[in-house]
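In: got a predicted structure plus its sequence, pasted below:
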Amino acid sequence: MRPPNQYDESVVATEAEEPDPRAVSMMIYTRLAGRAVIRVVGRCNEAKEHSNLDLSHCELMQVPDAVYHLMRHTELKSCDLSDNVITKIPPKFVLKFGLIKKLNLSHNQMAKLPEEIADLSSLRRLDISHNSFISLPSCIFKIPNLKELNASNNHIVDFEVECLKEAPALETADLSNNPLARNCYNELERCSKVRITLSPREIEDWEDLTV
C-alpha cells in the first residue's frame, strides 16, 4: 500500500478549487449594491403617491441621477436623505426639487451646502444635524421662508451671527452640541429675534478667562 503523499494530487485539486477571496467580496458587494438600487427605486415609486421622498438608510454617497429621472413628474413636499454617507448636495438637487418644504440631511458627512440652497423658496424646515460642518453656510440664512433649522451635533466653531439675525423668517435654531467659540456663543445668547437652543459651553484650557 502506497503511503500518503503530502503532495497528493487530490489535495492540490481541492486547494485549486477554493474560491478567490476577492471574487467573493466582489460578489457580496454587487448583491448589496443591487439591494440598495432596488430600495431606492421602491422608495421613489412610493413617493409618487404621497410626494414625500424617503431615501434614508440607503447607503448613498450622493443623490443618484436616476432619482431625478424617476421623480421628474412629481412635485415633492419633503425629502429625507438622512443616515447615508453623502458628502455634498449638488445644485441640480435644488433645480429638480425646488418646491420641497422639509429637507432632512442629518447623519451624513457634509461640510458645506451649495449657494443655490437659498433658492428653495418653499423650504420651512432644514435639518443638517450630525454632519461635519465647522461653520454655518451663509446661504442658509437667505432661504426666504425657512422657519426651523437644526444644526446640532456638528463641529461648528464660529459663524456670522448677524446673518442669523437677519434671516427673513427664521424662528428657531438648534445649535446644541457644537464647540462654539466664546464670542460666538455669547452673541447667540443675546439674540432675541430667534429662539436658539445651546448646550452649556465647556471652557477650553487655552482660553484666558481674565480677558
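Out: Thanks, I have it.
In: show me where pLDDT drops low in the chain?
Out: 1-35, 203-211 (pLDDT under 70).
In: and the strands in it?
Out: 52-54, 78-80, 102-104, 125-127, 148-150, 172-174, 195-197 (DSSP state E).
In: quick one: list the elements packing against the third one.
Out: Contacts of strand 102-104 with other secondary structure elements, assessed using 3 or more C-beta pairs under 8 Å, 6 or more residues apart in numbering; DSSP states H and E, are made with strand 78-80, strand 125-127. C-beta: built from backbone N, CA, C; applies to glycine.
In: would you turn the strands of the chain into JSON lines with distance to Leu113 and mean neighbour count?
Out: Listed next are the strands of the chain as JSON lines, based on distance: least, C-beta to C-beta, whole Å; neighbours: other C-beta atoms under 10 Å:
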{"stretch": "strand 52-54", "distance to Leu113": "18", "mean neighbour count": "19"}
{"stretch": "strand 78-80", "distance to Leu113": "14", "mean neighbour count": "21"}
{"stretch": "strand 102-104", "distance to Leu113": "10", "mean neighbour count": "21"}
{"stretch": "strand 125-127", "distance to Leu113": "9", "mean neighbour count": "21"}
{"stretch": "strand 148-150", "distance to Leu113": "12", "mean neighbour count": "21"}
{"stretch": "strand 172-174", "distance to Leu113": "15", "mean neighbour count": "19"}
{"stretch": "strand 195-197", "distance to Leu113": "20", "mean neighbour count": "15"}
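In: could I get the ones you listed as JSON lines with distance to Ser138?
Out: Shown next, in JSON lines, are those (distance: least, C-beta to C-beta, whole Å):
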{"stretch": "strand 52-54", "distance to Ser138": "27"}
{"stretch": "strand 78-80", "distance to Ser138": "22"}
{"stretch": "strand 102-104", "distance to Ser138": "17"}
{"stretch": "strand 125-127", "distance to Ser138": "14"}
{"stretch": "strand 148-150", "distance to Ser138": "13"}
{"stretch": "strand 172-174", "distance to Ser138": "14"}
{"stretch": "strand 195-197", "distance to Ser138": "17"}
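In: thinking again about what came up before, out of the helices and strands packed on strand 102-104, which gets nearest to Glu189?
Out: Minimum separation from Glu189 across those (C-beta to C-beta) falls at strand 125-127, 22.4 Å.
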